[in-house]
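K.L.:
this one's sequence-less:
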């Protein structure tokens, strides 16, 4: 097991197109949401579907890979770390954000590639 004390691994589908921002320095930041699904049978035998939505942020080289390879619907395996931060909104209200800072990902399935092969 690695020495990582803050490690998140997810397998899911992109819910929207990634948003990519390039800074004056040339570095990039990509943000996207990832849906993970689980299903189970409850105590009365009913199948329950549960979808969780996760905000992911990628920086630098990984952001460039996100921009080139991922689209809405892409299935990926993602690895990163959990991050909590806060900021003050324009209306003065303190906002809290939980997100996963992406270290690496693997493209499992691309809707764009499937459409091109159809």
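P.N.:
Done, it's in. Just so it is clear, the structure is predicted and the values come from calculations on it, not from any experiment. Residues are numbered from 1 along each chain as shown.
K.L.:
in its sheet, which strands sit next to the strand or helix carrying residue 104, and in what direction?
P.N.:
Element membership of residue 104, judged by DSSP states H and E, is strand 94-109. Note on strand 94-109: by DSSP bridges, its sheet partners are strand 47-59 (parallel), strand 75-88 (antiparallel).
K.L.:
quick one: residue 68 is in a helix?
P.N.:
Yes - read with DSSP: H, G, I helix; E, B strand; the rest coil, residue 68 is one of the residues of a helix.
K.L.:
now it: how far from residue 101?
P.N.:
19 Å (C-beta to C-beta, to the nearest Å). For the C-beta atoms, the positions are set from N, CA and C on the backbone; glycine is no exception.
K.L.:
and for residue 87?
P.N.:
As for residue 87, its distance to residue 101 is 16 Å (criterion: C-beta to C-beta).
K.L.:
which one's more surrounded, those two?
P.N.:
Using other C-beta atoms under 10 Å, the more surrounded residue of residue 87 and residue 101 is residue 101, with 15 against 9.
K.L.:
got any ranges where this protein has weak pLDDT?
P.N.:
1-2, 4, 109-118 (pLDDT under 70).
K.L.:
now with 80, please.
P.N.:
Residue ranges of the chain with pLDDT under 80: 1-4, 109-118.
K.L.:
just the buried residues of stretch 32-51, please?
P.N.:
By neighbour count on 16 or more other C-beta atoms under 10 Å, the buried set for stretch 32-51 is 32-35.
K.L.:
lovely, talk soon.
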